[in-house]
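Enquirer: Below are the sequence and a predicted model for it; my questions follow.
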Amino acid sequence: MPGTHPVAAELAVPSAAPDGRDATRLRDLSATQWKSGMAAWLGWLFDGLDMHLYTIVALPFVAQLMTLPESSDEVASKASIIQASFLVGWALGGGFFGRIGDRLGRARALMLTILTYALFTGLSFFAQTWWHLLICRFLAALGIGGEWAVGAALLSETWPRKWRPWIAATLQSAVNVGVLLAMGAAWALSLIHWSDPYYTHRIVFLVGLLPALLVLWIRRAVPEPEEWHAAKQRAGHVEPRLRDLFRGPVRQTTVLTVGVCALSLSAHWAFMFWYLQHLNNLLKDAAWLPVDVTRFKAVAMVVLMLSSVAGNFVAAGVAKATGYRRAISLMCMAYFVSMFYTYYVPRGHQAIFWLLIPVGVCQGLFGLFTMYLPPLFPTLLRTTGAGFCYNIGRIVAAGATVFFGIFSHLGDHRPALLYSSFLFLPAAAVAMRLWEPPDEVRAVSKS
């Protein structure tokens with residue numbers, strides 16, 4: 001059947017599901033499921049927090065480190081290179097911690113990822129040069145990239161399969177809430193008039209240490225999924241390897257998934273980095289005070305993130321109605337249209353502010369990947385496969401962030417935003433060659 005995984009019988013191996021795996025109501029869920037859900041949700045929330053602390057202060061902080069004006073092309077270039085290093089670290093972290101999650105367990109890997117991104121986000125406070133900041137952001141990204149794969153697999157293996165689109169929307173919304181917290185922290189700190197300018201932009205990174213507290217609770221309260229334990233017992237001492245992603249029928253899954261992730265994430269992260277810098281320069285040209293610029297950008301990010309939260313549930317509804325692959329394709333098309341319309345002609349900051357709402361709704365696209373990707377792979381390749389395919393796209397996205405910045409000239413970042421939007425078109429085409437999760441196909445055929 002169209003959209004059916006070609007090796008559904010091989011990949012949808014029956015598992016020893018925990019109590020409540022086929023629950024139909026929240027009150028039917030077990031205590032273990034609630035703990036796993038809370039651990040994954042909070043992990044993703046702090047992901048969003050630590051992920052976007054840099055984008056809020058990117059240009060002014062890099063300018064401070066380089067002792068150059070914010071409008072300098074060299075500052076914009078170095079800021080984008082730092083963001084590119086972050087995306088590369090994100091990709092490598094997805095593969096590295098994905099292997100740890102498959103070998104040592106989801107809960108153990110989750111603790112390690114959170115400690116990694118909390119520690120190195122906090123250490124960004126002490127950066128003295130732009131390349132110090134680059135190293136800290138790269139190392140923090142290792143944990144953030146790993147947490148995506150581990151958290152997604154944890155919920156995929158513990159919560160009801162029929163709820164996956166809504167679980168994905170809820171989990172992705174945690175990232176949006178984390179970004180809102182980052183905005184709130186930046187806004188609150190902007191109200192403080194620091195006597196020493198040394199603290200003005202760097203102090204925000206200390207907020208990123210908060211997630212480390214979550215590890216203490218996860219260590220005590222969150223067990224490993226029964227499905228993972230069962231798969232380890234079936235496998236004995238034989239562990240799948242990374243190269244198994246490119247062998248046999250799994251190879252097709254890997255190639256197609258990498259394609260759609262690389263294309264869509266490149267366009268998305270070009271937007272997520274350059275739209276704030278574009279707003280920053282529009283406001284500077286209008287002679288706004290620095291504190292007012294920071295506040296306007298924070299409010300703009302709040303609008304975008306609230307729209308993204310709504311978009312997560314819009315995407316979930318589309319997936320329930322049409323299936324994952326069609327939903328991903330439709331959301332890619334919508335993201336292209338909204339970005340193209342926003343940036344195809346020069347607009348003022350107020351017009352762009354309101355157009356961020358439809359762009360944000362379209363970002364619900366990435367919530368779909370959360371529950372869609374892990375079940376495409378065998379259990380002991382689940383976090384490896386999902387982490388590799390989703391996060392390898394960030395290596396491409398890293399290059400794209402720098403590449404599209406080439407089209408910026410004298411502080412005008414609109415061309416970078418316009419041209420990057422076209423990547424959503426091939427992403428939509430590749431998505432239509434994907435298939436539905438094999439364990440869901442099996443459940444439907446049995447019913």
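Expert: Ah, there it is.
Enquirer: the helices in the stretch 101-250 of the chain, which residues?
Expert: 106-123, 130-156, 164-190, 212-221, 226-235, 250-285 (DSSP state H, counting those that start in this stretch).
Enquirer: Would you check how far apart the residue lying closest to residue 363 once chain neighbours are set aside and residue 334 are?
Expert: If you skip the residues right next to it in sequence, residue 363 has residue 308 as its closest partner in space, 4.4 Å away by C-beta to C-beta, 6 or more residues apart in numbering. Where you see a C-beta, it was placed from the backbone N, CA and C, and this is true even at glycine. Residue 308 is 13 Å from residue 334, where distance means C-beta to C-beta, to the nearest Å.
Enquirer: same check, this time on residue 92
Expert: For residue 92 relative to residue 334 (C-beta to C-beta), the value is 31 Å.
Enquirer: likewise residue 59?
Expert: Taking C-beta to C-beta, one finds residue 59 at 29 Å from residue 334.
Enquirer: about what we covered before: how is the residue nearest to residue 363 assigned, secondary-structure-wise?
Expert: At residue 308 the chain is in helix, as set by DSSP: H, G, I helix; E, B strand; the rest coil.
Enquirer: Could you tell me the per-residue confidence at it?
Expert: The confidence metric pLDDT takes the value 91 at residue 308.
Enquirer: likewise residue 409?
Expert: Residue 409 is assigned a predicted lDDT (pLDDT) of 65.
Enquirer: Got the confidence number for residue 3?
Expert: Residue 3 is given a pLDDT of 56.
Enquirer: ok, back up a step: what do residue 308 and residue 334 both touch?
Expert: Applying C-beta atoms under 8 Å, 6 or more residues apart in numbering, one finds that residue 308 and residue 334 are jointly contacted by residue 361.
Enquirer: If you count surrounding residues, which of these two has more?
Expert: Ranked by neighbour count (other C-beta atoms under 10 Å), residue 308 and residue 334 place residue 308 first, with 26 against 22.
Enquirer: Which residues are in contact with that one?
Expert: Per C-beta under 8 Å, 6+ apart, neighbours of residue 308: 172, 173, 176, 360, 361, 363, 364.
Enquirer: Same check on residue 139?
Expert: With C-beta under 8 Å, 6+ apart, residue 139 has these contacts: 89, 116, 120.
Enquirer: of all these, which comes closest to residue 352?
Expert: Among the contacts of residue 139, residue 89 lies closest to residue 352 (C-beta to C-beta), at 29.6 Å.
Enquirer: The helix or strand encompassing the closest one - contacts with which helices or strands?
Expert: Assessed by DSSP states H and E, residue 89 sits inside helix 73-104. In this structure, helix 73-104 packs against helix 31-66, helix 106-123, helix 130-156, helix 250-285, helix 382-405, with contacts taken as 3 or more C-beta pairs under 8 Å, 6 or more residues apart in numbering; DSSP states H and E.
Enquirer: mind putting those in CSV, distance to residue 164 and mean pLDDT included?
Expert: Putting the helices and strands packed on helix 73-104 into CSV (distance: least, C-beta to C-beta, whole Å; pLDDT from 0 to 100) gives the following:
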stretch, distance to residue 164, mean pLDDT
helix 31-66, 13, 86
helix 106-123, 17, 90
helix 130-156, 7, 87
helix 250-285, 16, 87
helix 382-405, 13, 77
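Enquirer: can you count the residues close to the spatially closest residue to residue 147 that is not a sequence neighbour?
Expert: What sits nearest to residue 147 in space, not counting adjacent residues and going by C-beta to C-beta, 6+ apart, is residue 113, at 4.0 Å. By the criterion of other C-beta under 10 Å, residue 113 has 29 neighbours.
Enquirer: Give the full set of residues in contact with the residue of the chain positioned farthest from its centre.
Expert: Centroid-distance maximum for the chain: residue 195 at 35.9 Å, with C-alpha atoms, centre = their mean. Contacts for residue 195 were tallied using C-beta under 8 Å, 6+ apart; there are none.
Enquirer: And it, how far from residue 206?
Expert: Counting by C-beta to C-beta - residue 195 and residue 206 are separated by 17 Å.
Enquirer: same check, this time on residue 281
Expert: Taking C-beta to C-beta, one finds residue 281 at 28 Å from residue 206.
Enquirer: more neighbours, the two?
Expert: Set residue 281 next to residue 206 and count neighbours by other C-beta under 10 Å: residue 281 wins out with 22 against 18.
Enquirer: quick one: that one and residue 71 touch, right?
Expert: Yes: with contact defined as C-beta atoms under 8 Å, residue 281 and residue 71 form a contacting pair (7.2 Å).
Enquirer: neighbours around residue 345, how many?
Expert: Residue 345, neighbours per other C-beta under 10 Å, totals 9.
Enquirer: same question, the one 3 residues further on
Expert: Number of residues near residue 348 (other C-beta under 10 Å) recorded here: 9.
Enquirer: Would you agree it is in contact with residue 279?
Expert: No: assessed by C-beta under 8 Å, residue 348 is found out of contact with residue 279, at 10.3 Å.
Enquirer: Could I get the average pLDDT for stretch 357-367?
Expert: On average, stretch 357-367 scores 94.
Enquirer: which outside residues touch stretch 281-300?
Expert: Applying C-beta under 8 Å, 6+ apart, the contact partners of stretch 281-300 are 56, 60, 70-71, 183-184, 186-187, 190, 276, 279-280, 348-349, 352-353, 356, 411-413.
Enquirer: List the buried residues in it.
Expert: Burial within stretch 281-300, assessed by neighbour count using 16 or more other C-beta atoms under 10 Å, is assigned to 281, 282, 283, 284, 288, 293, 294, 295, 296, 297, 298, 300.
Enquirer: Using PDB, list the CA coordinates for that stretch.
Expert: Presented in PDB, the C-alpha positions along stretch 281-300 are these (Å, rounded to 0.1, in the frame of the first residue of the first chain):
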ATOM      1  CA  ASN A 281      19.100  46.000  12.000                       C
ATOM      2  CA  LEU A 282      15.700  47.400  11.000                       C
ATOM      3  CA  LEU A 283      15.300  48.700  14.500                       C
ATOM      4  CA  LYS A 284      18.800  50.100  14.600                       C
ATOM      5  CA  ASP A 285      18.200  51.900  11.400                       C
ATOM      6  CA  ALA A 286      15.100  53.400  13.000                       C
ATOM      7  CA  ALA A 287      17.300  54.800  15.800                       C
ATOM      8  CA  TRP A 288      15.900  52.600  18.600                       C
ATOM      9  CA  LEU A 289      17.700  52.500  21.900                       C
ATOM     10  CA  PRO A 290      19.500  49.200  22.500                       C
ATOM     11  CA  VAL A 291      17.300  48.300  25.400                       C
ATOM     12  CA  ASP A 292      14.200  48.800  23.300                       C
ATOM     13  CA  VAL A 293      15.600  46.700  20.500                       C
ATOM     14  CA  THR A 294      16.200  43.800  22.900                       C
ATOM     15  CA  ARG A 295      12.600  44.100  24.200                       C
ATOM     16  CA  PHE A 296      11.000  44.200  20.800                       C
ATOM     17  CA  LYS A 297      13.000  41.200  19.700                       C
ATOM     18  CA  ALA A 298      11.900  39.400  22.800                       C
ATOM     19  CA  VAL A 299       8.300  40.100  22.200                       C
ATOM     20  CA  ALA A 300       8.600  39.000  18.600                       C
END
